[in-house]
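Asks: what's the 3D shape of this:
(one chain, ligands or ions: 2)
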Amino acid sequence: MTDNAGNEQAIRKLKPGKLVIASHNTGKVREIQALLGPYGIEPVSAAALDLPEPEETGTTFVANAELKAMQAADLSGLPALADDSGLCVEALGGDPGIFSARWAGPDKDFGLAMRLVHEAVEAKGPDAGHDAHFVCALALAWPDGHVEVFEGRVDGALVWPPRGDKGFGYDPIFQPIGHDISFGEMDPDAKHAMSHRADAFAKLVAAAF
Ligand SMILES: O=P(O)(O)OP(=O)(O)OP(=O)(O)OC[C@H]1O[C@@H](n2cnc3c(O)ncnc32)[C@H](O)[C@@H]1O
Ligand SMILES: [Mg+2]
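Replies: Ligands and ions are numbered 1, 2, ... in the order given. Modelled structure (predicted):
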């Protein structure tokens, strides 16, 4: 596993050219494409290359991001960027966490997943807090096995009922600190200015461009 903090190996610079976005989530791919916009990178999605969706066997966001990026780089022969992310609810001990996609079930039903989160917090009783945060681990891998990881986070609170349809996944039930609208109600540019993905991306840009 690679940890960019304290990594003695020089961070490798990403040259303009093709980069595989190793994700099968269209909401994420859209956000990563927008974040990559200014950097002379030609994004190619895993779906366009017909890459398989790997089983996420890691026990951390970092391990799963590395696994997805390394598989895509290996199979495509191109540098690949993967994102492993999720919603962590303090009252639930960090759940759904790395299982955020799995709580939506095989049909990827986030109406269901949001309800499960809400019900799990309600079941904790009236004193359960609503603090939550999103985490994002971005892994950048090269076909020779070199990989670097950048982590980001945004803190906020759960809201109920779900609000807005501008985002994806759990966005309608997450309200970032200092704002009175949910990620689901926020314009993409505003989310990109503060999200867990933007936080990780800023670290990647500082190191890899
Ligand atoms: O693994 P890939 O193919 O990238 O796609 P995925 O949807 O399975 O992605 P993850 O394994 O990283 O699971 C993370 C889940 O957490 C949720 N999530 C992550 N970032 C989010 C965001 O910015 N807004 C809302 N939900 C988010 C989203 O529902 C994802 O399905
Ligand atoms: Mg996944």
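Asks: wait, what's in contact with the most centrally placed residue in the chain?
Replies: Nearest to the geometric centre of the chain sits residue 85, at 3.3 Å (CA atoms, centre = their mean). Contact analysis of residue 85 by CB atoms under 8 Å, 6 or more residues apart in numbering lists 28, 61, 100, 134-137, 196-197. Any C-beta I mention is one placed from the backbone N, CA and C, and that applies to glycine too.
Asks: ok, now residue 155?
Replies: 131-133, 176-177.
Asks: before we move on, the earlier item: how about the contacts of residue 85 in a markdown table, adding distance to residue 160?
Replies: Output for the contacts of residue 85, formatted as a markdown table (distance: CB to CB, whole Å):
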| residue | distance to residue 160 |
| --- | --- |
| 28 | 24 |
| 61 | 25 |
| 100 | 17 |
| 134 | 17 |
| 135 | 21 |
| 136 | 23 |
| 137 | 27 |
| 196 | 21 |
| 197 | 23 |
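Asks: and ligand 1, which of these contact it?
Replies: Subset of the contacts of residue 85 in contact with ligand 1: 28, 100, 134, 197, counting by CB under 6 Å from any ligand atom.
Asks: just to revisit the earlier point, beta partners for the residue nearest to the centre of the chain?
Replies: Under DSSP bridges, the beta-bridge partners of residue 85 are residue 136.
Asks: same question for the one 4 residues further on.
Replies: Beta bridges link residue 89 to residue 132, judged by DSSP bridges.
Asks: start and end of stretch 48-61, how far apart?
Replies: Using CA to CA, to the nearest Å, the end-to-end distance of stretch 48-61 comes to 24 Å.
Asks: name the residues that touch it?
Replies: 20, 22, 24, 46, 64, 66-68, 71-72, 75-76, 84-86, 97-98, 101, 135-137, 151.
Asks: what do you get for stretch 16-29?
Replies: 32-33, 36, 39-47, 49, 51, 53, 68-69, 71-73, 76, 78-83, 85, 101, 167-169, 197.
Asks: mind listing what's buried in the longest helix seen in the chain?
Replies: When the chain is parsed with DSSP state H, its longest helix is helix 61-76. Neighbour counts over helix 61-76 (16 or more other CB atoms under 10 Å) mark 61-73, 75-76 as buried.
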